[in-house]
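K.L.:
following is a predicted model, sequence given first.
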Amino acid sequence: MVLGITRDHLALSSTLRDWAATIDGSATVRAAEVDGTATFPKAWSEIVAMGLTGIGVADEHGGGGSDLLDQAIALEAAARALVPGPVLATTVVAQIVAWSAPGRDRVLRSIVDGRTASVALGGTVREEDGRFTGVVPAALDVVDADWLLAPADDDRWLLISRDGWTSDPVAVGLDLTHRSAPVSISAGHEQIVELPGIGRSDVTALVVALAAAEASGLAAWCLDTAVEYAKVREQFGAPIGSFQAIKHLCAAMLETTESVAATAWDVAGVLADGTTGPDRDFAVDVAAVVAIDGAVRVAQDCIQVLGGIGFTFEHDAHLYLRRALGLRAVVSSFSGGPDEAAIRLTAAAAAGRRREVQVDFAGADEPFRGRTRAALAEIAALPASEQRAALADGGYLMPHLAAPYGLGAGAIEQVVIDAELARAGLQRPDIKIGGWAIPTVIAHGTDEQRERFVRPTMTGDITWCQLFSEPGAGSDLASLTTRAERVDGGWRLTGQKVWTSLAHEADWAICLARTDREAAKHRGITFFLVDMTAEGLDIRPLRELTGDAMFNEVFLDGVFVPDDCVVGEVDAGWNVSRTTLSSERIAMAGTKLGLSTERAVELVQALGSSVAEVRVGHQVALATVCQLIGVRATLRSIAGRGPGPESSVAKLLGVRNRQEASDLVGDLLGPRILLGDDPQVAADVHELLLTRCLSIAGGTTQILRTMVAERVLGLPR
C-alpha cells in the first residue's frame, strides 16, 4: 500500500524506504526528546546527503530534477520510517521558491545544499516605514532554520532570513519529530526575499499535497504494524487476527489507508502537471478532507489493535499518532480544517467542478486509437437498430474477450475503446448476468455452447439470470443443497434458489447444483445452463422493500437439463463458477459523483445550511476517492501489474458511498420525503431504499471484510 503506481515510482519508493530505515527515526526521536531542543543534526546531514528535500527541484539548481509526484513519494517513504526534522517545511519552501519568478537561484541553491526552512502557521507580516514586522503564533521546524516563509498583506508571501526574526525558547510539543515555536518578526528589506507570483492558494496546495504524502506513509506503517501484531499476539488460545472484530478493524484500516494514498497521489500529480485554478483547488480540498484525518484514524486504530502495549510510551505507535495529529494542525492552519474544505468542495461541485484524471499513455495508444475511432464512426452512422449487432460483431461489446468474441484488448486498448465509444455517441448495452455467463461459456464450454449462446447474448436475443444463492447458501455459496440426479440424456435438478434477479424475465440461467452429495463442500458441484421455460420451474417474484419485484424465488422440481447444457466437467462446477464470479473488465471511472451525491449537491444549494454543506462536501470527497481508487486500479493494469487491494476496497467504499449519499439525500429533503406526489422525490426515496441491498448483494460487507483481512492482509483464518 504505497502512493506510487508505476514501476519507476515503486522502485523509487523501495529505495527510499530502505534508506530511511537506516536513520532509525524512532531512536533518534526518543534521544532528542530527552533534552527537548535537539535539531536531529545527524539525521539532517543524512537527509541532505540523500537530497531528499530537493528531489522535486530542477537539476540546474542542484536538485534531483524530478517532479512533485516523485517528491511526494520521497516524503511518504521518509514519514513511514518516522524520519524526523524539518523535512516537510524545507521541502515546501524549496518548491515555493522554485515556483516563484527567476532570480531566486541563490536561495534555492542554499536550501538544496542543506539550509533549513520554517513555515509560518498563521500570523501576518506588515510593512511600515521600510520594516517588516509581525507575530507568528507557531512556525513549523523553526529551530535553527535559515529561512522563514510567512504571509504578508495583499496575499504576498515573503522569505525572511534568519536574522530577521526571533523565536521563543522551543519546548517539545505534541509531535516529537518536529520543533515549532512562536516567532516575532522584525526585518529590513535586506533580510526579505519577495516571492512574486505566489499566493496563499499556492502555499496551501503545496502544504496539503506534501502533508498528504506524509500521511500516506504514516497510515501505511500503522496498518502494517497492526496487521503483523494481530498475526502473532494470542488471546484465548488463538491469534487475535483470527477474531472477526480484529479482521474487520484491520480491513477498515486498509480502506482508509488506500483512500489516503489515492488522494495524496492525485493531488501530487495535479501539482506535478502544473494544473492551477479550480481544478487544482478541488483536488487539494479532497485531500484536505480525506488524507490527514484518515492518517489520524488509522493511527488510533493501530493503537486499538495493539491494546495495552500500544498505549505505552515504549511502543512507537504513539509517535505516529502524534505526528499525524501534528500534520492535522499544520494543514488546518492553511485549509481551515476538513469541514471548511468540505464546504468549498460543495460550492465547487455545485458550480460543475468534478475531478477528471487525464492518463498519459506515452504513445502506447496510437497503434489502435485511429482504427478504433474509424470503426466506431462507421457503427455510429448505422441505424440505431443495427448498432448493437455491429458492436458485437466488431468485438467492441466485450473487447476484453479473445477473438472472435472480442478483440483480446489489453488494458490500454480497453480504456481507449471506452473513450472512443463516448466520443462517437455510442453506448454499450448492459447485458447484466450475460456479462458473467459469456466469459464462463467461452472459457469452459464446448464449441456448440459457444455457438449457441455467446453472440445471441451479445445481440440481446438471450437474457440471463443466476441461480446460485439459496436460503441456506448466500455468502457461503459452497453450502448449496440443490441436487442434480443423473437420468438418461442429462440431469434432473431439484431444490430452491432465492434472490434471483430478473428470473421472471430471463431466457436462460447459469445454475450451480450438487451432483455428488458425499464429496467435500467445494467439490461435487456442477455448473449447468437452465432453460427458464423448462417444465418443473416455479418462479415466484419477491417484493422488495422498495415495492419492486426484481428478486425471485425459484423452485426446481425435477427440472431436466440435457448433457449438452453442462459447462465444464461434472463435479468441477466450483472452479467453473470462479470464472463467473471473477469476470471483470478494465474501465476508467467516469467523472460523475454518483446518482445520490449529484442529487445532494443539487438539493443543498437551496438550503443555505453550513452544516448541510459540510455533509455534502464530505460525500463529494468520498465519491471522488472511489473514482480515484478505480483509476489507480486501471493504471495498475495498464502498468502490467497484478490486481492490488483496490478492487476489494473499491467495492467496500462504493457501497458505503451509495448508502451514505442516498441517506444524505433523504435528510436534505426534510418533510418532503413523506409526500408521494413528486416524481423526483419518489425516485430519491426509491434509491434510498434500494441501496440497502448493496451491503448484502454479491456477498455481505462483513464477509468481504473478512476475506480482505485474510486474502489481502494475510490474517489467520
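P.N.:
Arrived safely.

K.L.:
correct me, but residue 132 touches residue 187?
P.N.:
Yes: contact criterion CB atoms under 8 Å: residue 132 and residue 187 qualify, at 4.7 Å. In this view, the C-beta of every residue, glycine as well, is placed from N, C-alpha and C.

K.L.:
looks like residue 690 contacts residue 546 (just checking).
P.N.:
Yes: using CB under 8 Å, residue 690 is in contact with residue 546, at 5.2 Å.

K.L.:
give me the common contacts of those two.
P.N.:
Counting by CB atoms under 8 Å, 6 or more residues apart in numbering, residue 690 and residue 546 have no shared contacts at all.

K.L.:
run the chain-centre distance for stretch 471-478.
P.N.:
Offset of stretch 471-478 from its chain centre (CA atoms, centre = their mean, to the nearest Å): 30 Å.

K.L.:
give me the neighbour count for residue 296.
P.N.:
Neighbours of residue 296 under the rule other CB atoms under 10 Å: 21.

K.L.:
so what would you say the end-to-end distance of stretch 379-397 is?
P.N.:
With CA to CA, to the nearest Å as the measure, stretch 379-397 spans 12 Å from end to end.

K.L.:
for stretch 142-150, that is, sorry about that
P.N.:
Stretch 142-150 has an end-to-end distance of 12 Å (criterion: CA to CA).

K.L.:
in the helix or strand where residue 285 lies, what's buried?
P.N.:
Assessed by DSSP states H and E, residue 285 sits inside helix 278-306. Neighbour counts over helix 278-306 (16 or more other CB atoms under 10 Å) mark 279-303, 305-306 as buried.

K.L.:
ok, stretch 652-661 next?
P.N.:
Along stretch 652-661, these residues count as buried under the neighbour rule (16+ other CB under 10 Å): 652-661.

K.L.:
same question, stretch 271-280
P.N.:
Under 16+ other CB under 10 Å, the buried positions of stretch 271-280 are 271-272, 275, 279-280.

K.L.:
same question for it, mean pLDDT?
P.N.:
Taken as a whole, stretch 271-280 has a mean pLDDT of 91.

K.L.:
for that stretch, give me every contacting residue.
P.N.:
With CB under 8 Å, 6+ apart as the test, stretch 271-280 has contacts from 67-69, 201, 205-206, 209, 270, 283, 348, 351, 353, 355, 358.

K.L.:
need the buried residues of stretch 652-661 in a markdown table with secondary structure, can you?
P.N.:
As requested, those are arranged in a markdown table below (DSSP: H, G, I helix; E, B strand; the rest coil):
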| residue | secondary structure |
| --- | --- |
| 652 | helix |
| 653 | helix |
| 654 | helix |
| 655 | helix |
| 656 | helix |
| 657 | helix |
| 658 | helix |
| 659 | helix |
| 660 | helix |
| 661 | helix |
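
K.L.:
nearest to residue 369 among the residues you listed?
P.N.:
residue 654 (29.4 Å; CB to CB).

K.L.:
what's near enough to touch the nearest residue to the closest one once chain neighbours are set aside?
P.N.:
Spatial nearest neighbour of residue 654, chain neighbours left out: residue 626 (5.3 Å); criterion: CB to CB, 6 or more residues apart in numbering. With contact taken as CB under 8 Å, 6+ apart, residue 626 is in contact with 589, 594, 650, 653-654, 657.

K.L.:
picking up where we left off before, can I get the buried residues of stretch 652-661 in CSV with distance to residue 449?
P.N.:
Shown next, in CSV, are the buried residues of stretch 652-661 (distance: CB to CB, whole Å):
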residue, distance to residue 449
652, 35
653, 37
654, 33
655, 34
656, 39
657, 38
658, 36
659, 39
660, 43
661, 41
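
K.L.:
all strands of the stretch 101-250 of the chain, in order?
P.N.:
Here the stretch 101-250 of the chain has its strands, by DSSP state E, counting those that start in this stretch, at 117-120, 126-128, 131-140, 147-152, 156-161, 165-167, 181-188, 192-194, 234-235, 238-239.

K.L.:
how about low-confidence regions in the stretch 501-650 of the chain?
P.N.:
580-591, 641-646 (pLDDT under 70).

K.L.:
residue 624 sits in which helix or strand?
P.N.:
Assigned by DSSP H and E, residue 624 belongs to helix 610-638.

K.L.:
pretty sure residue 254 sits in a strand.
P.N.:
No: per three-state DSSP, residue 254 lies outside any strand segment and is helix.

K.L.:
now it: how far from residue 709?
P.N.:
Computed as CB to CB, to the nearest Å, the residue 254 to residue 709 distance reads 8 Å.

K.L.:
of the strands of the stretch 101-250 of the chain, which is nearest residue 564?
P.N.:
Closest to residue 564 of these is strand 238-239 (CB to CB; 49.1 Å).

K.L.:
hang on, the earlier thing: could you figure out how far the helix holding residue 624 is turned away from helix 278-306?
P.N.:
90 degrees (axes from the mean of the first three to the mean of the last three CA atoms, to 10 degrees).

K.L.:
which parts of helix 610-638 are buried?
P.N.:
In helix 610-638, counting by 16+ other CB under 10 Å, buried: 612-638.

K.L.:
how about the strands of the stretch 101-250 of the chain in CSV, adding mean neighbour count and mean pLDDT?
P.N.:
Shown next, in CSV, are the strands of the stretch 101-250 of the chain (neighbours: other CB atoms under 10 Å; pLDDT from 0 to 100):
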stretch, mean neighbour count, mean pLDDT
strand 117-120, 29, 96
strand 126-128, 12, 92
strand 131-140, 20, 95
strand 147-152, 24, 96
strand 156-161, 22, 94
strand 165-167, 20, 92
strand 181-188, 19, 95
strand 192-194, 18, 92
strand 234-235, 10, 91
strand 238-239, 14, 94
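
K.L.:
which strand in the protein has the most residues?
P.N.:
In the chain, ranked by residue count with DSSP state E as the criterion, the top strand is strand 551-562.

K.L.:
export that strand as CSV, just CAs?
P.N.:
Output of strand 551-562 as CSV, limited to C-alpha atoms (Å, rounded to 0.1, in the frame of the first residue of the first chain):
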residue,chain,number,x,y,z
PHE,A,551,-35.9,-10.6,-7.0
ASN,A,552,-37.4,-14.1,-7.2
GLU,A,553,-37.6,-17.4,-5.5
VAL,A,554,-37.1,-20.2,-8.0
PHE,A,555,-38.2,-23.7,-7.2
LEU,A,556,-36.8,-26.5,-9.3
ASP,A,557,-38.9,-29.7,-9.2
GLY,A,558,-37.1,-32.3,-11.3
VAL,A,559,-36.1,-29.8,-14.0
PHE,A,560,-34.5,-31.6,-16.9
VAL,A,561,-31.1,-30.3,-18.1
PRO,A,562,-29.6,-32.1,-21.1
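
K.L.:
what's it packed up against?
P.N.:
Other elements packing on strand 551-562 under the criterion 3 or more CB pairs under 8 Å, 6 or more residues apart in numbering; DSSP states H and E are strand 464-467, strand 490-497, strand 525-531, strand 537-542.

K.L.:
ok, now with 7 Å
P.N.:
Contacts defined by 3 or more CB pairs under 7 Å, 6 or more residues apart in numbering; DSSP states H and E place strand 551-562 against strand 490-497, strand 525-531, strand 537-542.

K.L.:
just the angle between the first one and strand 525-531, please?
P.N.:
When the same axes, to 10 degrees is applied, the directions of strand 490-497 and strand 525-531 differ by 90 degrees.

K.L.:
got the contact list for strand 490-497?
P.N.:
Here strand 490-497 makes contact (CB atoms under 7 Å, 6 or more residues apart in numbering) with 467, 469-471, 481-485, 513, 528, 553-563.

K.L.:
which helix or strand lies directly C-terminal to that strand?
P.N.:
Counting by DSSP H and E, the next helix or strand C-terminal to strand 490-497 is strand 508-514.

K.L.:
would you map out the domains in the chain?
P.N.:
The chain breaks down by automatic domain parsing into domains covering 7-198, 206-359+589-717, 366-429, 448-582.
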